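Undergrad: Just need the structure, nothing else, for what follows:
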Amino acid sequence: MDDLTPEQRKKNMQHIRSKNTEIELLWIFKDWVENNRGWDEVLSASTSKREKSLQRLLHLSGKYYCRQNNIDMTFEANEGPGPVDLKMSRGNDKTVVEIKLSSNADYIHGYEEQIEEYAKSEGTTQRVFVYVKVGNPGRDKRIEELHASRLNSGVNPPELFIIDSQEQTSASKR
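TA: Numbering: from 1, shown residues only. Prediction:
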């Protein structure tokens with residue numbers, strides 16, 4: 001437990017930005033998926049429901065944290081062009097998140113178009129694109145190359161956050 005008083009903790013919470021919160025939650029979730037057999041939960045969902053299942057697991061993992069840090073976490077917020085997978089906010093400090101599995105043929109459209117439209121409708125420039133590997137190495141390479149190309153050309157792309165949800169080999173067989 002930390003040594004902060006309730007007043008100090010409250011003051012610290014007032015300075016946490018929505019994007020920082022989102023990235024922290026994603027790192028916690030990534031660790032669970034990749035290192036604690038979370039990939040098994042993702043892969044056991046029917047193919048047509050994997051993205052939704054992943055979103056619900058992410059929601060569950062962040063609900064308490066967001067409540068404690070006075071961050072609003074909204075799934076399927078719809079301010080115009082359709083529902084964004086996840087929005088985190090505190091007042092006007094907003095971050096939009098689009099989640100795509102590597103099995104989704106529209107993953108490039110999500111990265112290039114969808115997240116930009118959602119950010120525009122929410123009035124924010126803070127964007128995170130979560131790409132979840134489920135077994136498409138060609139697509140994995142393509143999204144990483146596209147992101148690197150945009151960074152190198154001076155374009156301000158969404159932050160790319162990759163989670164490897166492919167079945168992991170047992171440590172005894174490595």
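
Undergrad: Could I get the full set of strands for the protein?
TA: For the chain, the strands defined by DSSP state E occupy 72-77, 84-90, 93-101, 127-133, 159-164.

Undergrad: In a markdown table, list these along with mean neighbour count, distance to Lys52 and mean pLDDT.
TA: Every residue, glycine included, has its C-beta placed from N, CA and C. Below are those laid out as a markdown table (neighbours: other CB atoms under 10 Å; distance: least, CB to CB, whole Å; pLDDT from 0 to 100):
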| stretch | mean neighbour count | distance to Lys52 | mean pLDDT |
| --- | --- | --- | --- |
| strand 72-77 | 16 | 10 | 89 |
| strand 84-90 | 24 | 10 | 92 |
| strand 93-101 | 24 | 10 | 95 |
| strand 127-133 | 23 | 12 | 97 |
| strand 159-164 | 18 | 16 | 96 |
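
Undergrad: could you redo the ones you listed as TSV and give each row distance to Ile23?
TA: Below are the strands of the chain laid out as TSV (distance: least, CB to CB, whole Å):
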stretch	distance to Ile23
strand 72-77	13
strand 84-90	10
strand 93-101	9
strand 127-133	7
strand 159-164	7
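
Undergrad: what stretches of this structure score poorly on pLDDT?
TA: For the chain, the stretches with pLDDT under 70 are 1-15, 174.

Undergrad: center of it - which residue?
TA: Val130 (4.5 Å; CA atoms, centre = their mean).

Undergrad: Glu117: how many residues sit nearby?
TA: Glu117 has 16 neighbouring residues, counting by other CB atoms under 10 Å.

Undergrad: That one contacts Pro81, doesn't it?
TA: Yes - Glu117 is in contact with Pro81 according to CB atoms under 8 Å; the separation is 4.3 Å.

Undergrad: who's in contact with the nearest residue to Glu116 once chain neighbours are set aside?
TA: The shortest distance from Glu116 to any residue other than its chain neighbours is 7.4 Å, reached at Arg127 (CB to CB, 6 or more residues apart in numbering). Arg127 makes contact with 95-98, 115-116, 118-119, 158-159, according to CB atoms under 8 Å, 6 or more residues apart in numbering.

Undergrad: which residues touch the nearest residue in space to Leu26 that is not next to it in sequence?
TA: Nearest residue to Leu26 in three dimensions, chain neighbours excluded: Phe161, at 5.2 Å (CB to CB, 6+ apart). Contacts for Phe161 were tallied using CB under 8 Å, 6+ apart; they are 23, 26, 30, 128-131.

Undergrad: what sits against Ile143?
TA: 102, 107-108, 111, 131, 160, 162.

Undergrad: er, Ala45 actually
TA: Per CB under 8 Å, 6+ apart, neighbours of Ala45: 53-54.
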